[in-house]
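Participant: Sequence first, predicted coordinates after that:
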Amino acid sequence: MMTFISRSRPDYIINGILVFAVLSFPITFLGELAALFQETYENMGTVYSPLLVKVLKDVVFVALILYLAIKTINRGNATRIKLFWLLVMATVIIPIVAQPSLTFSLFGLRWMLPLILTAFIIDFVDRTLLENVGKVVLFMYFLHFLTQLTEIVWMPPFFGTTILEITRAQGLFSIANSGAMFTVFSLYFAMFYSAQGRLRSFVLLTAPLSLVFVASGTGIILGIILYIFFWCWRTGSTRSSSVSGYFRVLIFFVLCFVPVVALVFLNEITGRGDDYVEISGGGRLFALLESLSNASWLSTVFGAATNTAVLAFNSGIVDDYGAFGSDSMFQSLVINLGLPLAFLFLMLPFISIALRKSEFIPRMSFLFIVVGAYSVTQIVEIFPLNLLFSVLLAYFSSSTKLIKPEKYGCSSFRRSAPIGDSRVLAGQ
């Protein structure tokens, strides 16, 4: 694996906003967590935290987008991939104009903020920034895991129980799937964008337990896939003579069956009933197919298939019921944008990730995370997962290339550099 060469120093404002956002996200769920412990929690469609606290994440996104827009204008130029992303984002004007309700248009724009942020932050994200954010993510995972242990002991089993006959523990989040995806993102940062340290080791060792505690089938499958990719990445970069290339390939193909076996026995692994996979996976698939069959070429209900719309109706903010509870990002894209734009917005992140020519294993690992997140969550509305999603997607969409060592007069250049080494070689 070649060393990543940073082209510029990290922007301290971008870095500061991202770190602040990840550190402060638990306060946006304090009301929901308190309701769960006090047994006053009714359903996921009820808001328990103050509105001002919930608006924090919107302030973070808007502040970042405005700052990045100003920086892009001051630069006077942008890469082709960035211009393409911005052009695609501009097509949202079409469903906005077709939506007769201004309120729901605002809900839709809020839903779009992470993707808009991705377009603007492209070319401003490098490995150094990822590592700085990763440090904070790993620290928050430590608190997340401790919260899970607390929930197992004192919280009633509102979300059911696990195979261990204990409460499903969602950690710092109000929904179990969100807690599982945070563990997956933390594991990803620990594997690929974190230096050696106690926190990194803690995440690598305890993440399987965390996923079992939350009993999320998608989280468990993604966790297994990440560990397989991580094993390939480690064995491929160390050039171990004790493990031949053919033997590594054989082990890889054997390991590929592990997620399949886990999927077959997912009911037993999660302990959520004999029909869990059929109800959870089958229900989401049926809902998606139904949405596809009823979808139009031009959506006139932009913003309706969002968690914001559902929460606004339940809170009495909107009187007319136009909100639609969506089970996945795939479904919400179809309903909010219509078929052509849904296909465009669906393919955009996958094409961007696939076109990058470096960091194959981290890139493919993130691709699996995106597929899993799109399948079971509205990831663009889960804070701070939506922020981490935007930053990682922008990083892999960036036109930043690996710089050849000869350009800096380096006679020797190790292919396998230590994690965290993103220093510019020029002048050293």
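Facilitator: Noted; the coordinates are in hand.

Participant: how about the nearest residue to residue 138 once chain neighbours are set aside, secondary structure?
Facilitator: Closest residue to residue 138 apart from its sequence neighbours, by CB to CB, 6 or more residues apart in numbering: residue 199 at 4.3 Å. Any C-beta I mention is one placed from the backbone N, CA and C, and that applies to glycine too. Under DSSP: H, G, I helix; E, B strand; the rest coil, residue 199 falls in the helix class.

Participant: how about residue 199, what does it touch?
Facilitator: Neighbouring residues of residue 199 by CB atoms under 8 Å, 6 or more residues apart in numbering: 135, 138-139, 141-142, 190.

Participant: Kindly provide the distance from it to residue 348.
Facilitator: 33 Å (CB to CB, to the nearest Å).

Participant: Keeping just the C-alphas, turn the helix or strand harbouring residue 97 into CSV.
Facilitator: Using DSSP states H and E, residue 97 sits within helix 93-98. What follows is helix 93-98, C-alpha atoms only, in CSV (Å, rounded to 0.1, in the frame of the first residue of the first chain):
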residue,chain,number,x,y,z
ILE,A,93,-34.6,22.1,-8.0
ILE,A,94,-36.9,20.0,-10.2
PRO,A,95,-38.8,18.1,-7.4
ILE,A,96,-38.7,21.2,-5.3
VAL,A,97,-40.6,23.2,-7.9
ALA,A,98,-43.0,20.2,-8.4
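
Participant: who does it touch, helix- and strand-wise?
Facilitator: Helices and strands touching helix 93-98, by 3 or more CB pairs under 8 Å, 6 or more residues apart in numbering; DSSP states H and E, are helix 102-121.

Participant: buried stuff in the helix it packs on?
Facilitator: Within helix 102-121, the residues that count as buried by 16 or more other CB atoms under 10 Å are 103-121.

Participant: And the strands in the stretch 101-250 of the chain?
Facilitator: Here the stretch 101-250 of the chain has no strands by DSSP state E, counting those that start in this stretch.

Participant: So which residues of it form helices?
Facilitator: 102-121, 127-154, 176-192, 198-214, 217-238, 245-264 (DSSP state H, counting those that start in this stretch).

Participant: weakest of those helices in terms of mean pLDDT?
Facilitator: With a mean of 62, helix 245-264 has the lowest mean pLDDT of those.

Participant: For residue 318, find the nearest of the helices of the stretch 101-250 of the chain.
Facilitator: helix 102-121 (5.8 Å; CB to CB).

Participant: can you state the direction angle for that closest one and helix 127-154?
Facilitator: If you take axes from the mean of the first three to the mean of the last three CA atoms, to 10 degrees, helix 102-121 sits at 130 degrees to helix 127-154.

Participant: follow-up on the earlier one: give me the buried positions along the helix holding residue 97.
Facilitator: Buried residues in helix 93-98 (16+ other CB under 10 Å): 94-96.

Participant: State the mean pLDDT of that helix.
Facilitator: 91.

Participant: Now do it: everything it contacts.
Facilitator: Outside helix 93-98, the residues that reach it (CB under 8 Å, 6+ apart) are 105, 108-109, 298-300, 302, 336-338, 341.

Participant: Surely residue 63 and residue 17 touch.
Facilitator: Yes: contact criterion CB atoms under 8 Å: residue 63 and residue 17 qualify, at 6.3 Å.

Participant: Please identify which of the two sits among more neighbours.
Facilitator: Neighbour count, other CB atoms under 10 Å: between residue 63 and residue 17, residue 17 has more, with 18 against 13.

Participant: ok now do that one, which residues does it touch?
Facilitator: Applying CB under 8 Å, 6+ apart, the residues near residue 17 are 60, 63-64, 67.

Participant: contacting residues around whichever strand or helix holds residue 396?
Facilitator: Taking DSSP H and E as the criterion, residue 396 maps to helix 385-397. Here helix 385-397 makes contact (CB under 8 Å, 6+ apart) with 18, 21-22, 57, 60-61, 81, 85, 113-115, 117-118, 121-122, 124-127, 129-130, 133, 137, 178, 181-182, 185, 349, 352-353, 356, 359, 363, 366, 370, 373, 377, 379-380.

Participant: where does that helix sit relative to the chain's centre, distance-wise?
Facilitator: 7 Å (CA atoms, centre = their mean, to the nearest Å).

Participant: With stretch 77-88 instead?
Facilitator: 22 Å.

Participant: For that stretch, output the C-alpha coordinates as PDB.
Facilitator: Extracted in PDB, the C-alpha atoms of stretch 77-88 (Å, rounded to 0.1, in the frame of the first residue of the first chain):
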ATOM      1  CA  ASN A  77     -11.500  26.800  -9.600                       C
ATOM      2  CA  ALA A  78     -12.900  23.300  -8.900                       C
ATOM      3  CA  THR A  79     -12.100  19.800 -10.000                       C
ATOM      4  CA  ARG A  80     -14.300  18.100 -12.600                       C
ATOM      5  CA  ILE A  81     -15.700  15.500 -10.100                       C
ATOM      6  CA  LYS A  82     -16.700  18.400  -7.700                       C
ATOM      7  CA  LEU A  83     -18.400  20.300 -10.500                       C
ATOM      8  CA  PHE A  84     -20.200  17.100 -11.500                       C
ATOM      9  CA  TRP A  85     -21.400  16.600  -7.900                       C
ATOM     10  CA  LEU A  86     -22.600  20.200  -7.700                       C
ATOM     11  CA  LEU A  87     -24.400  19.800 -11.000                       C
ATOM     12  CA  VAL A  88     -26.200  16.700  -9.800                       C
END
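
Participant: And for residue 200, the neighbour number?
Facilitator: 18.

Participant: close enough to count as contact, it and residue 138?
Facilitator: Yes: taking contacts as CB under 8 Å, residue 200 lies within contact range of residue 138: 6.4 Å.

Participant: if I look at residue 366, how far off is residue 221?
Facilitator: From residue 366 to residue 221 the distance is 15 Å (CB to CB).

Participant: Let me fix that, I meant to ask about residue 234.
Facilitator: In terms of CB to CB, residue 234 sits 21 Å off from residue 221.

Participant: got it, and residue 147?
Facilitator: 23 Å.

Participant: Leaving out chain neighbours, which residue sits closest to residue 335?
Facilitator: residue 305 (3.7 Å).

Participant: what's the angle between the helix or strand residue 372 falls within and helix 127-154?
Facilitator: For residue 372, the host element (DSSP H and E) is helix 360-376. Helix 360-376 and helix 127-154 are oriented at 50 degrees to each other (the same axes, to 10 degrees).

Participant: Now do the buried residues in helix 360-376.
Facilitator: 361-366, 368-370, 372-376.

Participant: cool, stretch 29-46 as well?
Facilitator: Buried-residue list, stretch 29-46, by 16+ other CB under 10 Å: 29, 31-33, 35-36, 41.
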